[in-house]
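# requesting a structural model of the entry that follows:
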Amino acid sequence: MVGWEENRILMIKNKKILIQILIVFLFTLAVASLFLTLDADPHHDGIMLKPAVDVANGEILFKQMFTQYGALVTFLQALALGIFGKYLIVIRLLTAFFYAIIATVIWMIWSRLIPQWLASLTCIA
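This is a model prediction of the structure:
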């Protein structure tokens, strides 16, 4: 009976942690998506969009075009453009998604060092 009660306490604690992680992820995704859709930067967004569209169209990176941010970013963006369409908003929402993942990882690190409510507040702020 004691083992079952300990297991139940762990399940409740894990649900609270999962809820906090989900809140941090969704809040960061919502705020980043809102701000990333407001205004486009023609210079930076063009530098990001052109190589991703080219790779999505089958061109070879660093042979037929150049990217200054590295191959991984370009390939991830090209994959997203291939799935969701060749629009700038796709790249910007992909960026918001990665911001949310980063905020979640930061929460996981901070929650081991400070109280979880403070880690949540830190990541959301």
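
# any regions of the protein where pLDDT drops low?
Scanning the chain for pLDDT under 70 picks out 1-12.

# which parts of it are helices?
With DSSP state H as the criterion, the chain has helices at 2-36, 42-56, 71-84, 88-110, 116-124.

# those helices: which one's closest to Lys63?
helix 42-56 (10.6 Å; Cβ to Cβ). Every residue, glycine included, has its C-beta placed from N, CA and C.

# out of the helices of the chain, which is closest to Met65?
helix 42-56 (4.8 Å).

# which one of the helices of the chain lies closest to Phe62?
Going by Cβ to Cβ, the one of the helices of the chain nearest Phe62 is helix 71-84, 7.6 Å.

# sorry, back to before: kindly reformat the helices of the chain as JSON lines containing distance to Lys63 and mean neighbour count.
Converted to JSON lines, the helices of the chain look like this (distance: least, Cβ to Cβ, whole Å; neighbours: other Cβ atoms under 10 Å):
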{"stretch": "helix 2-36", "distance to Lys63": "30", "mean neighbour count": "13"}
{"stretch": "helix 42-56", "distance to Lys63": "11", "mean neighbour count": "17"}
{"stretch": "helix 71-84", "distance to Lys63": "12", "mean neighbour count": "16"}
{"stretch": "helix 88-110", "distance to Lys63": "22", "mean neighbour count": "17"}
{"stretch": "helix 116-124", "distance to Lys63": "41", "mean neighbour count": "16"}
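
# in JSON lines, list the ones you listed along with distance to Gln64.
Below are the helices of the chain laid out as JSON lines (distance: least, Cβ to Cβ, whole Å):
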{"stretch": "helix 2-36", "distance to Gln64": "28"}
{"stretch": "helix 42-56", "distance to Gln64": "7"}
{"stretch": "helix 71-84", "distance to Gln64": "12"}
{"stretch": "helix 88-110", "distance to Gln64": "20"}
{"stretch": "helix 116-124", "distance to Gln64": "40"}
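
# what's the spacing between the residue nearest to the spatial centre of the chain and Phe25?
Of all residues in the chain, the one closest to the mean position by Cα atoms, centre = their mean is Phe98, 1.7 Å from it. According to Cβ to Cβ, to the nearest Å, Phe98 stands 11 Å off from Phe25.
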